[in-house]
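pasting the structure only:
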């Protein structure tokens, strides 16, 4: 089974927050994907909190464990359509577009993404057990 992780999930993993165990399990148990746009969010967060060398090391480790998907034009268009609908950041729109492409659930605790859960988008809310 494929799953899509967003920046919220990966940052929770790296910070060893309560959701970290569920994120780690998703990575080891499933075919985990992340948009490179969302991984970029993780990188900038780590640069700001831990500096460039540690950020580069941690992102390298993530890249070894998760399939990183660079957006093609179709994904960019899909993300733009999602963003145009309002309520999401552009990086979050890439996460949703990636999940829709793979017909895969998103693992996140981001309230903006969680509220989109429905028939065409499955979301695993990592804020609840």
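Cool, got the structure. Treat the numbers as computed from the prediction; the structure is a model and nothing was measured.

residue 69 is in contact with residue 34, correct?
Yes - if you go by C-beta atoms under 8 Å, residue 34 and residue 69 touch, sitting 7.0 Å apart. Glycine gets a C-beta too; all of them are placed from N, C-alpha and C.

between these two, what contacts are shared?
The contact sets of residue 34 and residue 69 overlap at residue 98 (C-beta atoms under 8 Å, 6 or more residues apart in numbering).

which one of those two is surrounded by more residues?
The residue with more neighbours, out of residue 34 and residue 69, is residue 34; 29 against 19, by other C-beta atoms under 10 Å.

the helix or strand hosting that one pairs with which strands?
If you go by DSSP states H and E, residue 34 is part of strand 31-35. Paired neighbours of strand 31-35 in the sheet (DSSP bridges): strand 2-5 (parallel), strand 67-69 (parallel).

pLDDT (mean, whole number) over whichever helix or strand comes after that strand?
Per DSSP H and E, the first helix or strand lying C-terminal to strand 31-35 is helix 36-50. If you average the pLDDT over helix 36-50, you get 97.

now helix 36-50 against strand 31-35, angle please.
80 degrees (axes from the mean of the first three to the mean of the last three C-alpha atoms, to 10 degrees).

now do the next helix or strand after helix 36-50: distance to the chain's middle.
Following helix 36-50 in sequence order, the next helix or strand is helix 52-65 (DSSP H and E). Averaging C-alpha positions (C-alpha atoms, centre = their mean, to the nearest Å) puts helix 52-65 15 Å from its chain's average.

give the buried residues for helix 52-65.
55, 58-59, 62 (16 or more other C-beta atoms under 10 Å).

now tell me what touches that helix from outside.
10, 14, 27, 32, 34, 39, 42-43, 46-47, 50.

quick one: it to helix 36-50, angle?
Going by the same axes, to 10 degrees, helix 52-65 makes 150 degrees with helix 36-50.
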